[in-house]
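[1] need a 3D model of the following:
(2 chains)
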Amino acid sequence: DAGVIQSPRHEVTEMGQEVTLRCKPISGHNSLFWYRQTMMRGLELLIYFNNNVPIDDSGMPEDRFSAKMPNASFSTLKIQPSEPRDSAVYFCASSFSLRSNEKLFFGSGTQLSVL
Amino acid sequence: DQQVKQNSPSLSVQEGRISILNCDYTNSMFDYFLWYKKYPAEGPTFLISISSIKDKNEDGRFTVFLNKSAKHLSLHIVPSQPGDSAVYFCAASAPGNQFYFGTGTSLTVIP
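    I've put the predicted structure just below:
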């Protein structure tokens, strides 16, 4: 299996622009998570889906952030408009289920820089 | 509020010695704990886990200890190797809930 695939690996954009991050989970996994890594908060959960349905988006920092999962093999995280404080590494992860003993499998992340 | 805390941002250890990484949590409902390892420019990868019904789990050079009364877990690496140099994240979850991660500890193993 190719694992969780994220694109792009790096994104540099200017403040105010729209940014879209993409994720393809592992085939057969029913749960998908979006995390943001910062020095201050570590790996911070933004939103997660189960069977393509958003379960909890309380971690989404502002209305500027939105996420979709139109099918079992694709999800997007969109920031519109982007701001410099959104600069971070964004990770997508998937798991077979939401059971607490399920391991998460992470993608390689998207390094976002907003100038 | 951080429900999982790693209070040591960094740790340096000589090759061959023991590395001990610590993690504290606040939620008594957590029933499963994991350690993830992250190399630069890569995503975190699963390292070892422990259920709340156990107090120790061992996998080769890696051992995780859980002290439920103190709400504390630790990861021991013996012997430490230069390839172990990475950021280590502690994570915890409750039934039907998402994983909460700590801020990570950067381990440097000095040859």
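
[2] nearest residue to residue B:35 other than its sequence neighbours?
    residue B:47 (4.5 Å; Cβ to Cβ, 6 or more residues apart in numbering or on different chains). Where C-beta positions appear, they are placed from N, C-alpha and C, glycine not excepted.

[3] distance-wise, check the residue lying farthest from the centre of chain A relative to chain B.
    Ranked by distance from the centre of chain A (Cα atoms, centre = their mean), the top residue is residue A:101, with 21.0 Å. When distance is defined by Cβ to the nearest Cβ, to the nearest Å, residue A:101 is 5 Å away from chain B.

[4] find the helix or strand that that residue is a member of.
    Using DSSP states H and E, residue A:101 is not contained in any helix or strand.

[5] hang on, isn't it packed against residue B:51?
    Yes: using Cβ atoms under 8 Å, residue A:101 is in contact with residue B:51, at 6.8 Å.

[6] touching both of those two, which residues are there?
    Both residue A:101 and residue B:51 are in contact with residue B:32, where contact means Cβ atoms under 8 Å, 6 or more residues apart in numbering or on different chains.

[7] ok, now which ones touch the residue nearest to residue B:49 when sequence neighbours are not counted?
    Distances taken as Cβ to Cβ, 6+ apart place residue B:34 nearest to residue B:49, at 4.3 Å, with adjacent residues excluded. Listed by Cβ under 8 Å, 6+ apart, the contact set of residue B:34 reads A:103, B:46, B:47, B:48, B:49, B:50, B:90, B:91, B:92, B:93, B:99.

[8] state the phi and psi torsions of the closest residue to residue B:45 other than its chain neighbours.
    In this structure, residue B:45 finds its nearest non-sequential neighbour in residue B:37, 5.7 Å apart by Cβ to Cβ, 6+ apart. Backbone geometry at residue B:37, expressed as degrees, to the nearest 10, gives phi -120, psi 140.

[9] just the ones of the contacts of residue B:34 in helices?
    Among the contacts of residue B:34, no member is found in helices (DSSP state H).

[10] now list the buried members of those residues.
    A:103, B:47, B:48, B:49, B:50, B:90, B:91, B:92, B:93, B:99 (16 or more other Cβ atoms under 10 Å in any protein chain shown).
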